[in-house]
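In: Need coordinates for the below:
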Amino acid sequence: MINIKTPKEIEIMAEGGALLGSILVLMQKEVKAGATTKELDLFAERKIVECGGQPSFKLPVAKGGGGFLATACISINEEVVHGVPSDRIIKEGDLVTLDIGMVYRGYHTDTAVTVGVGEISPEARRMIRVAKKSLKYAIKKSHAGNTFSDIGNTIERYVESQGFHVVYDLCGHGIGKTLHEDPQILNYGRRHKGPMIKEGMVFCPEPMITAGDPEIVVDKNGLTYRIKDGSWAAHFEHTVAVFPDGAHILTKTEGAAEPDEPDDSDEDGRIL
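Out: Sure thing, here's the model as predicted:
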């Protein structure tokens, strides 16, 4: 069942989302060559606790959390999601995905970004841009009257038109009193299929894309998903709420780097 949130619930989630978005902006500034992923994780946890929240990912699944080992999922290069923080040292040229969630006043929000460390390859820079822009298109599609499959269809067609591939076996999700709620939001699909988007729904579109074959495997730690052929990946996510005038981003902040607003067509001129 897809939960419809009340205006009061969305207000609480917007407050928590703004705080979480600000933390993600601060985390991005800590991503540099020589830093460890564990240091970034501790930074995120400290900031979440300071603002009165709890790390969503560390809460047990039975209590509505992610049942993860750490506050942040920090994935590098060919890792797509669920990278476990450790003493691994970030290097110049790496792609680092930061994924954080927070429960605040009883409600979760979730957001992710991929950043390059220092000088990265032109192809990696372009993949980040395409992944980020695909999230913009997804959010633009997230209005009442469309279906969740319309979101996936838009993501897939744009990403493929730019020479990249979506990861088919991972998806976005609804969110609220628990971190993962219905529906699953695939990054592909056929138009006008599946559940209808309605005002008051809150969910997390999260395009995950790669330059190579999108098949994924689970790492030896049983948690981290990586691209099987070793190709690098990029991942972006926002928590959004559906209002009469469309989707509002709850985890967006003024300090976040954003691409130009998309128009109604992709770069090849095809209507999305």
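In: E92 and E119, how far apart?
Out: 7 Å (Cβ to Cβ, to the nearest Å). Every residue, glycine included, has its C-beta placed from N, CA and C.
In: Is the residue most central in space within the chain bridged to anything, and to what?
Out: Centroid-nearest residue in the chain, with Cα atoms, centre = their mean: E237, separated by 2.1 Å. Counting by DSSP bridges, E237 forms beta bridges with A112.
In: where does it sit relative to P7, distance-wise?
Out: For E237, the distance to P7 - Cβ to Cβ - is 24 Å.
In: Could you do H180 as well?
Out: Counting by Cβ to Cβ - H180 and P7 are separated by 23 Å.
In: still on that earlier bit, the residue nearest to the centre of the chain touches T114, doesn't it?
Out: No - with contact defined as Cβ atoms under 8 Å, E237 does not count as touching T114 (10.0 Å).
In: quick one: the helices in the stretch 1-150 of the chain?
Out: 7-30, 37-50, 122-141, 148-161 (DSSP state H, counting those that start in this stretch).
In: Need those helices in TSV (columns: mean neighbour count, distance to W232 and mean pLDDT).
Out: Shown next, in TSV, are those (neighbours: other Cβ atoms under 10 Å; distance: least, Cβ to Cβ, whole Å; pLDDT from 0 to 100):
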stretch	mean neighbour count	distance to W232	mean pLDDT
helix 7-30	19	18	98
helix 37-50	19	16	98
helix 122-141	20	6	97
helix 148-161	23	14	98
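In: which one of those helices lies closest to E199?
Out: Comparing those by their distance to E199 (Cβ to Cβ), the top pick is helix 7-30, with 10.2 Å.
In: how many degrees apart are the closest one and helix 37-50 in direction?
Out: 140 degrees (axes from the mean of the first three to the mean of the last three Cα atoms, to 10 degrees).
In: residues making contact with helix 7-30?
Out: 5, 39-40, 43-44, 47-48, 51, 53, 72, 98, 100-113, 115, 176, 200, 202, 239, 241, 248-253, 255-257 (Cβ atoms under 8 Å, 6 or more residues apart in numbering).
In: okay, E92 and E119: which has more neighbours?
Out: The neighbour count for E92 versus E119, taken as other Cβ atoms under 10 Å, is higher for E92 (12 against 9).
In: Mind pulling the model confidence for that one?
Out: pLDDT, E92: 97.
In: Would you list the phi and psi of it?
Out: phi -50, psi 130 (degrees, to the nearest 10).
In: if we can go back for a sec, please tabulate the helices of the stretch 1-150 of the chain in CSV and include distance to L59 as additional columns.
Out: As requested, these are exported to CSV (distance: least, Cβ to Cβ, whole Å):
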stretch, distance to L59
helix 7-30, 14
helix 37-50, 12
helix 122-141, 25
helix 148-161, 26
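In: quick one on the thing from earlier: report the buried members of the contacts of helix 7-30.
Out: Among these, those scoring as buried are 5, 39-40, 43-44, 47-48, 53, 72, 98, 100-104, 107-113, 115, 176, 200, 202, 239, 241, 248-253, 256 (criterion: 16 or more other Cβ atoms under 10 Å).
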